[in-house]
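J.: No letters, just coordinates:
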């Protein structure tokens with residue numbers, strides 16, 4: 001009757017206060033349980049942090065390589081790209097099967113302003129990179145190099161490098177010698193980055209090293225007018241012997257530089273994410289399962305005091321969520337520190353950390369942890385209070 005006579009607003013305030021007080025009590029209990037077992041809590045947090053850092057690092061490096069290739073290709077200044085029949089659009093995997101005379105033929109087409117043959121050779125000697133062999137005059141005519149120091153090739157054993165490579169590792173300068181494909185080359189010039197690659201050799205020099213001195217792997221075209229791109233493609237396919245060659249506009253080529261078009265990229269990404277989730281799942285499952293076994297008597301006391309199954313499940317899942325959130329924050333922080341270290345130590349390797357993937361990694365880690373803790377939580381909730389109180 002006393003409650004019935006109270007105003008509805010007063011009842012609502014009492015209810016909210018009670019719920020708030022219960023929530024604070026449960027949160028204090030959660031934190032107390034975690035601090036009571038600091039080593040296990042630290043291991044669980046570390047496992048989640050490793051899971052998040054692993055996802056963000058692998059995704060950053062893989063997507064960074066794709067985005068870096070897109071930016072470098074778009075900076076070349078070409079309107080169309082010509083590749084030999086059956087060639088892959090992935091730089092450096094097609095060899096050098098195009099005879100140099102094909103570039104001479106393309107230069108004579110009515111609407112072609114520049115035809116520049118090039119070789120793209122994938123190297124994994126010290127790091128994964130693409131070495132470019134270029135015909136300097138025609139390649140520079142697509143979009144001129146911006147030299148920060150030095151200048152064009154002075155001889156067959158010269159190399160032009162971009163500023164990002166020059167700043168990396170040993171901080172190279174003009175006149176120094178570097179090893180490329182096990183051969184020494186003198187740096188003749190340092191240019192602004194963003195035009196195809198990071199190391200450029202004379203095309204005949206790189207061709208000779210590959211046993212294809214008079215060949216190319218790709219030809220870049222600049223049209224006299226962007227409106228004539230389709231007409232140029234038709235002219236190329238109409239020329240005897242070139243009908244099977246692949247001709248793409250720059251936009252079409254860039255559209256293929258996506259994870260969906262890269263062999264096994266998506267599969268590899270899912271495998272890495274799957275391994276990270278398994279690691280986090282197992283550690284959280286084991287930690288929470290062991291915690292439930294160790295606290296059998298405590299759970300019995302809670303249930304004897306009237307705690308419901310929902311309350312016990314909520315308690316265990318809150319502990320898991322707290323561990324996961326701390327682990328996620330630590331994992332993101334570690335990834336950002338790793339990114340900063342990579343930018344300083346290896347500036348030539350793009351390492352983006354996108355908000356989209358931070359959110360995705362957070363949801364993956366938190367979801368995996370809660371799933372891993374579900375069975376221990378249910379096991380704790382179903383314990384008989386009499387047996388739990390008798391547990392030693």
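T.: Looks like it arrived, so ask away. In this text the structure is predicted, and so the values were computed from the model without any measurement.
J.: Please make it C-alpha for all contacts and neighbour counts, starting now.
T.: Fine.
J.: Centroid-nearest residue for this protein?
T.: Closest residue to the average C-alpha location of the chain: residue 60 at 2.2 Å, with C-alpha atoms, centre = their mean.
J.: where does residue 115 sit relative to residue 107, distance-wise?
T.: As judged by C-alpha to C-alpha, to the nearest Å, residue 115 and residue 107 stand 5 Å apart.
J.: try residue 76
T.: 18 Å.
J.: Likewise for residue 150?
T.: According to C-alpha to C-alpha, residue 150 stands 29 Å off from residue 107.
J.: Find the residue closest to residue 308 in space, skipping its chain neighbours.
T.: Excluding its sequence neighbours, the residue lying closest to residue 308 (C-alpha to C-alpha, 6 or more residues apart in numbering) is residue 381, at 7.7 Å.
J.: Help me confirm that that neighbour comes into contact with residue 310.
T.: Yes: at 7.2 Å, residue 381 counts as touching residue 310 under the criterion of C-alpha atoms under 8 Å.
J.: Can you pull out the low-pLDDT segments for the chain?
T.: 1-30, 32-36, 87-96, 125-127, 169, 257-265, 293-297, 303, 348, 384-392 (pLDDT under 70).
J.: Show me the helices in it, by range?
T.: Counting by DSSP state H, the chain has helices at residues 2-5, 8-36, 38-74, 101-107, 136-142, 163-167, 203-209, 229-238, 250-255, 265-294, 296-304, 309-345, 355-381, 385-390.
J.: thinking again about what came up before, which residues are in contact with the residue nearest to the centre of the chain?
T.: Shown in contact with residue 60 (C-alpha atoms under 8 Å, 6 or more residues apart in numbering): 350, 351, 352, 353, 354.
J.: give me that answer again for 10 Å
T.: By C-alpha atoms under 10 Å, 6 or more residues apart in numbering, the contact list for residue 60 reads 54, 66, 335, 339, 350, 351, 352, 353, 354, 357.
J.: if we can go back for a sec, out of the helices of the chain, flag the one nearest residue 119.
T.: Residue 119 sits nearest to helix 203-209 of all the helices of the chain, at 6.6 Å, using C-alpha to C-alpha.
J.: and the closest one, what does it pack onto?
T.: Packing partners of helix 203-209 (3 or more C-alpha pairs under 10 Å, 6 or more residues apart in numbering; DSSP states H and E): strand 112-123, strand 129-134, strand 215-216.
J.: Not counting it itself, show me its contacts.
T.: By C-alpha under 10 Å, 6+ apart, the surrounding residues in contact with helix 203-209 are 95-96, 100, 117-121, 131-136, 155-158, 180-183, 200-201, 210-217.
J.: how far out from the middle of the chain is it?
T.: 33 Å (C-alpha atoms, centre = their mean, to the nearest Å).
J.: Give me the buried positions along that helix.
T.: In terms of neighbour count (16 or more other C-alpha atoms under 10 Å), helix 203-209 has its buried residues at 203, 204, 205, 206, 207.
J.: Name the residues of stretch 70-86 that come out as buried.
T.: Buried-residue list, stretch 70-86, by 16+ other C-alpha under 10 Å: 70, 72-84.
J.: Quick check, residue 71 in contact with residue 251.
T.: No: contact status for residue 71 versus residue 251: not in contact, 11.9 Å apart, counting by C-alpha atoms under 10 Å.
J.: Just give me the closest of the contacts of residue 60 to residue 270.
T.: Nearest to residue 270 among the contacts of residue 60 is residue 54, at 12.2 Å by C-alpha to C-alpha.
J.: what's the neighbour count on the closest one?
T.: Residues within reach of residue 54, counting by other C-alpha atoms under 10 Å, total 22.
J.: related to what we said a few turns ago, using JSON lines, lay out the contacts of residue 60 together with distance to residue 43.
T.: As requested, the contacts of residue 60 are exported to JSON lines (distance: C-alpha to C-alpha, whole Å):
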{"residue": "54", "distance to residue 43": "16"}
{"residue": "66", "distance to residue 43": "35"}
{"residue": "335", "distance to residue 43": "18"}
{"residue": "339", "distance to residue 43": "24"}
{"residue": "350", "distance to residue 43": "31"}
{"residue": "351", "distance to residue 43": "27"}
{"residue": "352", "distance to residue 43": "28"}
{"residue": "353", "distance to residue 43": "25"}
{"residue": "354", "distance to residue 43": "27"}
{"residue": "357", "distance to residue 43": "24"}
